[in-house]
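Asks: sequence plus the predicted model coming up.
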Amino acid sequence: MFETFSALEVLLLMGLSIAGVMAGIAANGLKYAVFRPSPHPLWRRAAHIGSWAGILLVILWGAVTAAVYFALGWAFVMDRVVVMLPLLALPALLVAARALPALRGDKAMTPEAAANVAAAVHTMAAGTLLVLYLVWFDIPSVPDLRESTMYLAMLAGTAALLQLYHRRRVRTIEARGRGYLAMAIRSAAFTLSAVVLLMAWFLWSMERSKFPASMSMLHPETFEYGGGAVPAGAVSSAHHDHHARHAVASAAGSAAISVTDLTGPRTGEPDARFTLVAQKQMIELASGHTVEAWTFNGQVPGPQLVVREGDLVEVELINKDIELGVTVHWHGVDVPNAEDGVAGLTQNAVMPGESHTYRFVVNETGTHWYHSHQASSVQVAKGLFGAFIILPKDGAEAGGGTADVTIFSHDWETPDGTRTVLHLPGPASGGQRIIPPGTEVRLRLVNSASYTKLFSLHGTPFRVSAIDGWDIHEPEAVTGMRLKIGGGGRYDVTFTMPDHPVALTLDGREPETTIIFSKDGQEAADIRTGGPILDPLAYGSYAPAPIDGNAVFDREFLMVLDQIYLGHYNGHSNTLWAINGEVFPRTPTFVVEEGDLVKTRIVNRTFSDHPMHLHGHHMVVLSRNGKPYKGSPLVLDTLLVDPGETYEVAFRADNPGIWMDHCHILDHAAWGMSMHLTYANVTTPYTVGEASGNHPE
Ligand SMILES: [Cu+2]
């Protein structure tokens with residue numbers, strides 16, 4: 001429904017532009033026509049029809065906007081109503097008041113009336129262009145009064161200039177009797193100068209978008225407090241950037257904590273110790289392609305790290321030959337901030353020949369994964385990832401009547417384009433796995449690709465026992481349902497191995513996206529895709545969530561996800577992905593204090609889904625589209641938000657630090673959709689940019 005409305009809006013705005021241009025040209029011609037002895041009615045009729053079409057399209061646009069409001073809520077229309085509606089409706093009123101009466105009938109028209117018609121119609125066209133510009137290139141998202149006043153003032157100024165211009169023009173035409181040739185020359189000159197101006201502005205804007213060589217990840221001018229207390233000394237205002245920086249600096253003098261101090265235990269014998277060596281390696285994919293992968297320990301996925309709840313884990317990262325540098329981020333594990341592995345925020349990228357040691361205690365269980373968070377949109381795609389499994393403290397060892405298999409879905413760039421591959425662990429990757437009948441099987445499905453994958457499991461009823469490492473409450477057995485896993489997300493699927501083969505496959509059905517589990521590795525399996533998609537909000541049996549949606553929240557934030565169809569980012573032109581109308585580093589920074597209960601509303605107004613990943617915390621899902629969850633509580637680190645959806649999530653601020661909050665379609669994060677959650681008194685000494693070589697996205 002959201003997609004239909006959005007497409008309709010674009011169509012209406014384009015229709016409005018066409019009407020505006022048509023009426024605009026006709027109204028301009030009318031200025032000349034009124035001086036002819038017997039004015040041809042063509043200009044007048046075209047201007048009349050164009051004006052009416054414009055007014056009707058504005059009314060239709062308003063109706064669509066109202067429908068979106070009633071269907072999807074205020075967050076989907078707030079910028080339309082506050083910023084764009086005046087830009088369309090006021091010129092339409094002007095046209096109705098000044099142009100339509102003059103154009104009606106065929107009574108002779110005075111030159112002044114023709115000038116008024118031209119000014120009104122051109123004002124309508126200008127308003128339409130401004131709105132198109134906003135919708136495509138500079139979405140207001142969360143409007144403020146300053147913004148709407150600014151655009152309205154721009155339009156009012158344009159209207160006044162147009163009025164003056166056309167009045168003067170009719171007098172000049174009257175005096176000198178210029179003909180159509182002069183009009184054509186003027187139009188051409190006007191168009192040419194507009195194109196030149198536009199190109200100059202384009203280049204200037206591209207140049208201006210370049211990041212400085214060194215930049216903090218934290219930008220006080222973007223601080224938002226979510227209606228909660230503003231911590232002492234902090235100031236949030238775009239107008240007082242300088243003061244805000246000063247305030248933070250002085251706060252840093254008193255009680256600030258550096259992320260470098262927020263480490264795991266520095267001493268003590270680790271319960272589990274691993275070494276990860278980042279290195280390039282040619283690998284052969286199940287698709288038959290050989291690619292240069294960037295790997296941990298020469299394998300893709302990297303080694304599976306299995307630990308137990310409560311373990312002190314020590315991981316030494318060594319970079320052998322990844323020139324960009326690497327880090328390790330523990331996706332889904334709430335580690336102390338300094339161990340989070342974000343280049344330029346919690347550490348510097350580890351360059352070739354260097355090493356870095358991570359130490360932290362794991363206080364949770366489940367299927368998680370690790371990946372580089374340096375140039376992550378490139379490095380994760382090229383293979384710098386692996387599984388991080390935390391077994392329950394007192395659970396049984398794997399093996400002995402059970403099979404525990406981690407499977408990654410990953411997108412590889414090959415000479416034949418992008419290929420999706422399902423990876424079994426270990427060097428003996430292949431499309432087969434032998435499991436004796438009667439075995440209790442746990443498949444840990446991890447989507448390390450950016451784009452959403454649809455998994456199908458055929459040949460057995462199964463349960464989704466955990467999502468993002470969080471155990472589902474009383475999961476029921478289902479058959480033939482597809483599992484939709486966004487980038488970075490994990491599902492644990494359990495079943496008892498039957499006597500016949502079981503096939504795990506992805507939508508797309510290339511052979512490399514199928515894995516067959518059988519007792520002898522011989523039998524052909526029933527490979528099917530399709531079927532309904534399991535809805536995690538209605539799965540398992542209901543139980544109260546760890547955070548009650550009716551609780552009193554200390555802070556409430558809003559994240560509106562938008563697309564900027566063409567924008568400039570760090571000196572490049574591309575489609576950009578915005579949060580609250582801005583791309584990083586101008587995206588909001590949510591400021592919390594330790595102990596706060598925080599609610600965030602996430603609104604997706606784009607045509608793409610976005611797996612939103614919050615570092616260092618788990619998000620308790622409260623509701624979707626205003627309806628509370630119906631099944632098991634869901635506690636996620638990566639929330640897949642579909643187009644047109646609104647989620648409410650909550651978390652307890654219990655892990656001090658500065659944390660990324662970004663889309664796990666890593667290209668989206670690299671093109672703007674990235675922001676931070678920061679605890680009021682935490683600072684970072686690290687920077688991003690060319691100077692440090694830190695590029696987290
Ligand atoms: Cu995204």
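Replies: Yep, that arrived.
Asks: ends of stretch 471-484, how far apart?
Replies: Its start and end residues considered, stretch 471-484 measures 17 Å (C-alpha to C-alpha, to the nearest Å).
Asks: how far does that stretch sit from the chain's center?
Replies: With C-alpha atoms, centre = their mean, to the nearest Å as the basis, stretch 471-484 stands 27 Å off its chain's centre.
Asks: identify all contacting residues around that stretch.
Replies: 365-366, 445, 452-458, 460-466, 491, 493, 507, 528-534, 539-543, 631-633, 640 (C-beta atoms under 8 Å, 6 or more residues apart in numbering). (Each C-beta comes from the backbone N, C-alpha and C, glycine too.)
Asks: any of the residues you listed buried? List them.
Replies: 365-366, 445, 452-458, 460, 462-466, 491, 493, 529, 534, 539-540, 631-633, 640 (16 or more other C-beta atoms under 10 Å).
Asks: next one: stretch 662-672 to chain centre, how far?
Replies: Per C-alpha atoms, centre = their mean, the centroid offset for stretch 662-672 relative to its chain is 6 Å.
Asks: distance of whichever residue of the stretch 301-450 of the chain sits closest to the ion from E413?
Replies: Going by C-beta to the ion, the ion is nearest to S450 of the stretch 301-450 of the chain, at 8.3 Å. Distance of S450 to E413, computed by C-beta to C-beta, to the nearest Å: 12 Å.
Asks: who has more neighbours out of these two?
Replies: A direct count of neighbours by other C-beta atoms under 10 Å for S450 and E413 places S450 higher, at 22 against 12.
Asks: would you map the strands across the stretch 301-450 of the chain?
Replies: 302-308, 312-319, 329-331, 355-361, 366-371, 385-391, 402-414, 417-423, 432-434, 440-447 (DSSP state E, counting those that start in this stretch).
Asks: quick one: closest of these to A53.
Replies: Nearest to A53 among the strands of the stretch 301-450 of the chain is strand 417-423; the distance by C-beta to C-beta comes to 43.7 Å.
Asks: that closest one - what's its average pLDDT?
Replies: Strand 417-423 comes out with an average pLDDT of 89.
Asks: what comes up buried for that strand?
Replies: Quick answer for strand 417-423 (16+ other C-beta under 10 Å): R419, T420, V421, L422, H423.
Asks: residues in contact with the third one?
Replies: This points to V421. By C-beta under 8 Å, 6+ apart, the contact list for V421 reads L285, A286, S287, S409, H410, D411, W412, E512, T513.
Asks: beta partners of it?
Replies: H410 (DSSP bridges).
Asks: any idea how far L262 is from it?
Replies: 37 Å.
Asks: tell me which parts of the protein are close to the ion?
Replies: Proximity of the chain to the ion (C-beta under 5 Å from the ion) is limited to residues H610, C663, I665, H668.
Asks: from the buried ones among the contacts of stretch 471-484, which land in strands?
Replies: By the criterion of DSSP state E, membership of the buried ones among the contacts of stretch 471-484 in strands covers 366, 445, 453-458, 463-466, 491, 493, 640.
Asks: please list all residues in contact with E284.
Replies: Contacts of E284 by C-beta under 8 Å, 6+ apart are T290.
Asks: ramachandran angles for the residue of the stretch 451-600 of the chain found nearest the ion?
Replies: Closest residue of the stretch 451-600 of the chain to the ion, C-beta to the ion: W577 (5.4 Å). With angles defined as degrees, to the nearest 10, W577 sits at phi -120, psi 120.
Asks: swap in L132?
Replies: The phi/psi pair for L132 (degrees, to the nearest 10) is phi -60, psi -40.
Asks: same deal with the one 10 residues further on?
Replies: Torsion angles at V142 (phi, psi; degrees, to the nearest 10) stand at phi -100, psi 100.
Asks: what about it, how many neighbours?
Replies: There are 21 residues near V142, going by other C-beta under 10 Å.
Asks: so it is in contact with I579, correct?
Replies: No: taking contacts as C-beta atoms under 8 Å, V142 lies outside contact range of I579: 9.6 Å.
Asks: what touches both of these two?
Replies: Contacts common to V142 and I579, judged by C-beta under 8 Å, 6+ apart, are V560.
Asks: stretch 627-647: how far from the chain's middle?
Replies: Distance, centroid of stretch 627-647 to centroid of chain: 16 Å (C-alpha atoms, centre = their mean).
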